[in-house]
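Chemist: I need the structure of the sequence given here:
(4 chains)
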Protein chains: 2
Amino acid sequence: MSTTFWSIPTQSTRAWNRHATVDLIRFTPGGISRVEIARQLQLTRAAITEIINELVTLRLVREVESLQAGGRHPIALEINPHLGKVIGIDLGATHLTVLLSDFSAQVLGDIEIPININDGPEKILPRVQETVQRLLRESGSSLSEICAAGIGVPGPIVISAGAVGSPPIMRGWDQFPIVDYFLKFFGCPISLNNDAELGAVGEWAYGAGRGVHNLAYVKVGTGIGSGLLLNGQLYRGTTGSAGEIGHITIEENGPQCSCGNRGCLEALAGGRAISQRATDAVLNGQRTLLSAITPPQMITARDVINAARSGDLLAQNILADAGSHLGTAIASLVNLFNPSMVIVGGNVSQIGDLFLEPVRRTVQHRSLAAASQAVRITT
Amino acid sequence: MSTTFWSIPTQSTRAWNRHATVDLIRFTPGGISRVEIARQLQLTRAAITEIINELVTLRLVREVESLQAGGRHPIALEINPHLGKVIGIDLGATHLTVLLSDFSAQVLGDIEIPININDGPEKILPRVQETVQRLLRESGSSLSEICAAGIGVPGPIVISAGAVGSPPIMRGWDQFPIVDYFLKFFGCPISLNNDAELGAVGEWAYGAGRGVHNLAYVKVGTGIGSGLLLNGQLYRGTTGSAGEIGHITIEENGPQCSCGNRGCLEALAGGRAISQRATDAVLNGQRTLLSAITPPQMITARDVINAARSGDLLAQNILADAGSHLGTAIASLVNLFNPSMVIVGGNVSQIGDLFLEPVRRTVQHRSLAAASQAVRITT
DNA sequence: ATTATATCGTTAAGTTACTTGACAATTGAA
DNA sequence: TTCAATTGTCAAGTAACTTAACGATATAAT
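Modeler: Here you go, the predicted structure:
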């Protein structure tokens, strides 16, 4: 819409373009030439030359070998990997993943351990700290080398407070100053983000959604969240809680959800709903590989996924059913957003088309033609 | 998100700022000074002086009387109303409204007539033409004075074609070149837009949502549509069909909808659902003012609204019920978008809190606290 | 081997659209 | 009458591009 009031941030235009240049270099494996950057950013070679000169003197970018043929060989540019290291922390509902990488996003090591997010920050955060230190030891790095850390959590972020705000599946974490905690530990810039939003940006940068302007990333785990990339920008809403697809209503009188309502998507297709349905089926005496797990109350969503992969019919049916419910929610999302791509992530997406087919079919069926024809759904 | 690739549109920066200036003048009743424009657009007085000089020589803007006190009086600027006139056409499912205004958005006259949109463009468009000519005659204007026309339709727009694409409630209009048709008639720039999107921009510019950055406008009529203003920009999606809230699923096994699915919002809270429920109630012999209308099949949504205003209990219940369903859908929208305001428009919104209260209650109840606390719902 | 052609990166001059800072014009209040 | 407060304007300066020419390499053709 052209009726937006805005002015050019004159003092920072160069900063924007510098940032865009760095991102472009980072997200192009194998390096990229000045001319190619100029083409993609719609600037002239001369302008890029100047920006690159700055970045090279800052030692953020370095020149590597030449590339193609057809004339003078372009000089490949890449992020200087020796500038420092980066820590990534993925705080899930049931698992914690810590990851170490260098500045060019090369992974140097990672650790995954089971946790229960509802133990609260006082118990969990020290465990995160231990895990980070173990990872640093194991990969022969030291804390002083870390020059940035990123944290992903399954709840809405209050940016100003550096905390999560009234999260539906993170009991005890409301308003806890997570960023401050890690700031004291790492002593370097900390970025706290919603896990699904990170997924959306990740897919846009490296994955299936590369370069797509309107993209939704739906992360299915214990909870269900989504990250929205609209008009090429991450959209977070007024208070940073946009994309909470897990608690939109599918059935006005559906089953009870942990958030207190009835018929939420999460109550029909979330990790707990899947394990619950499996438990019920086993208790009812249905024939399935899952009967091997005792007591049946201990069946997890991951067990169901594994059984489905091994060909277990009951598990496959449960997942197809969840996929169909997810499809209904995604159809609503498609009607509202009209994105060009929806990417389904999380553990269930690993079983592939077995889960994705019911999703696709339901979306095709339940969303308007104008929108459903434009959307691609993948993992 | 800072990882967006963009470059300053150098050739058009000035055009942007000029446009922003014009908008600011237009949307400030009583005129605005150069200094105030400079403050709001975050530019210097000198820059604004230059832009204003251009606009004044173009005769688009003119200087009026002085304003306040406290120093030298600022010179008020306003849009030159004598530059030309503008036609607005609102093509609803059951009614057509044509409106004539001058350049400063002062309404000079309007006409409303009942139509049936499903008669198709071949029948309807000539009637629009007649109505426009009648309005021009009645207000003493001529076709040659018109220098712009805006058209609102209740369906998704295909901008490149100047037409609507597979609209759920506009049978026979698919891909009909509406813009071309009016271009031949008016011979001036035509702007074709979705009615709900126009509503969103209108509320943002003049109405309850002035200056709000994340705004959803929900238009409840025969169909239900919505216009989305995200990050201060109108969001239309990949193919221009974003905001189709009318066909998101509320009940997976709900009643049949005209779009072919089950349990769409429109099938539960749209104009046709309201009149249908009233007809059924009368046929079942319930006591209501609506029994006066014969045959009961002829009861319209507007009749139900009128009865509710007169205190009819049945009508009030039907509308409260529809409001509750609408609330469920808006709750989903709030969870996904986290807007700071939702504005409910259309005919039903005229009855005010009687309809809005169930909407508010359901949204409060069904959406996450982080999002529902930030949102205001009005008409 | 030499020349032609193509592409890459750099440099210098020009342009746009601002900002800075000085200044005259206007007004209410001391 | 003088002062302080504002508004609007003007001239000079600046950031961040663009244009255009040029030198540096590389492959392909003669």
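Chemist: Can you tell me how far the closest residue in space to A:Leu229 that isn't next to it in sequence is from DNA strand D?
Modeler: Distances taken as C-beta to C-beta, 6 or more residues apart in numbering or on different chains place A:Leu215 nearest to A:Leu229, at 4.2 Å, with adjacent residues excluded. Yep, even glycine has a C-beta here, placed from its N, CA and C like the rest. Using C-beta to the nearest atom of the strand, to the nearest Å, A:Leu215 is found at 26 Å from DNA strand D.
Chemist: Hmm, A:Leu215 is touching A:Phe337, no?
Modeler: No - taking contacts as C-beta atoms under 8 Å, A:Leu215 lies outside contact range of A:Phe337: 9.5 Å.
Chemist: can you list residues touching both of the two?
Modeler: The contact sets of A:Leu215 and A:Phe337 overlap at A:Leu228 (C-beta atoms under 8 Å, 6 or more residues apart in numbering or on different chains).
Chemist: list the contacts for A:Leu336?
Modeler: So A:Leu336 contacts B:Ser226, B:Leu228, B:Ala242, B:Gly243, B:Glu244, B:Ile245, B:Ile248, B:Leu333, B:Leu336, B:Phe337 (C-beta under 8 Å, 6+ apart).
Chemist: Strands of chain A, residue ranges please.
Modeler: A:61-66, A:75-79, A:85-91, A:95-102, A:107-114, A:146-153, A:157-158, A:163-164, A:190-194, A:215-220, A:224-230, A:233-235, A:341-346, A:376-378 (DSSP state E).
Chemist: and among those strands, the most buried is which?
Modeler: strand A:215-220 (a mean of 29; mean count of other C-beta atoms under 10 Å in any protein chain shown).
Chemist: Now do that one: everything it contacts.
Modeler: With C-beta under 8 Å, 6+ apart as the contact definition, strand A:215-220 has outside contacts at A:154, A:195-197, A:199-200, A:202-204, A:209, A:224-229, A:243, A:245, A:269-271, A:326, A:330, A:333, A:337, A:339-349.
Chemist: at 6 Å instead, please
Modeler: A:196, A:199-200, A:203-204, A:209, A:225-229, A:333, A:339, A:341-346, A:348 (C-beta atoms under 6 Å, 6 or more residues apart in numbering or on different chains).
Chemist: cool, stretch A:272-283 as well?
Modeler: With C-beta under 6 Å, 6+ apart, stretch A:272-283 has contacts from A:Ala267, A:Leu290, A:Ser291, A:Pro296, A:Gln297, A:Ile299, A:Thr300, A:Ala301, A:Val304, A:Leu314, A:Ile318, A:Ala322.
Chemist: Which ChimeraX command selects the buried ones in those?
Modeler: Burial among the contacts of stretch A:272-283 is assessed by 16 or more other C-beta atoms under 10 Å in any protein chain shown; the matching ChimeraX selection reads:
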select /A:267,290,296,299,300,301,304,314,318,322
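Chemist: Please identify which of the contacts of stretch A:272-283 is nearest to A:Val61.
Modeler: Proximity to A:Val61 was ranked across the contacts of stretch A:272-283 by C-beta to C-beta; first place goes to A:Ala301, at 43.1 Å.
Chemist: tally of neighbours for A:Ser160?
Modeler: A count of nearby residues for A:Ser160, using other C-beta atoms under 10 Å in any protein chain shown, gives 8.
Chemist: now it: how far from B:Asn214?
Modeler: 17 Å (C-beta to C-beta, to the nearest Å).
Chemist: Make CSV from the strands of chain A and add mean pLDDT to it.
Modeler: Below are these laid out as CSV (pLDDT from 0 to 100):
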stretch, mean pLDDT
strand A:61-66, 83
strand A:75-79, 90
strand A:85-91, 93
strand A:95-102, 92
strand A:107-114, 91
strand A:146-153, 90
strand A:157-158, 82
strand A:163-164, 84
strand A:190-194, 87
strand A:215-220, 93
strand A:224-230, 91
strand A:233-235, 83
strand A:341-346, 91
strand A:376-378, 89
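Chemist: right, so of these, which gets closest to B:Leu58?
Modeler: Of these, nearest to B:Leu58 by C-beta to C-beta is strand A:233-235, at 33.2 Å.
Chemist: Now find how far off-centre the closest one is within its chain.
Modeler: 13 Å (C-alpha atoms, centre = their mean, to the nearest Å).
Chemist: Likewise for stretch A:313-326?
Modeler: So, by C-alpha atoms, centre = their mean, the centroid of stretch A:313-326 is 23 Å from its chain's centroid.
Chemist: what's the answer for stretch A:70-85, then?
Modeler: Distance of stretch A:70-85 from the chain centroid (C-alpha atoms, centre = their mean) equals 28 Å.
Chemist: near chain B at all, it?
Modeler: No - using C-beta under 6 Å from any C-beta of the partner chain, no contact is recorded between stretch A:70-85 and chain B, whose separation bottoms out at 13.8 Å.
Chemist: Give me the contacts around that stretch.
Modeler: So stretch A:70-85 is contacted by A:25-26, A:31-33, A:35, A:59, A:61-64, A:66-67, A:102-104, A:141, A:145-147 (C-beta under 6 Å, 6+ apart).
Chemist: Now with 8 Å, please.
Modeler: Residues outside stretch A:70-85 that contact it (C-beta under 8 Å, 6+ apart): A:22, A:25-26, A:30-37, A:52, A:59-68, A:100-106, A:108, A:141, A:145-148.
Chemist: How many neighbouring residues does the closest residue to DNA strand C within chain A have?
Modeler: Nearest residue of chain A to DNA strand C (C-beta to the nearest atom of the strand) works out as A:Gly71 at 2.3 Å. By other C-beta under 10 Å, 6 other residues sit near A:Gly71.
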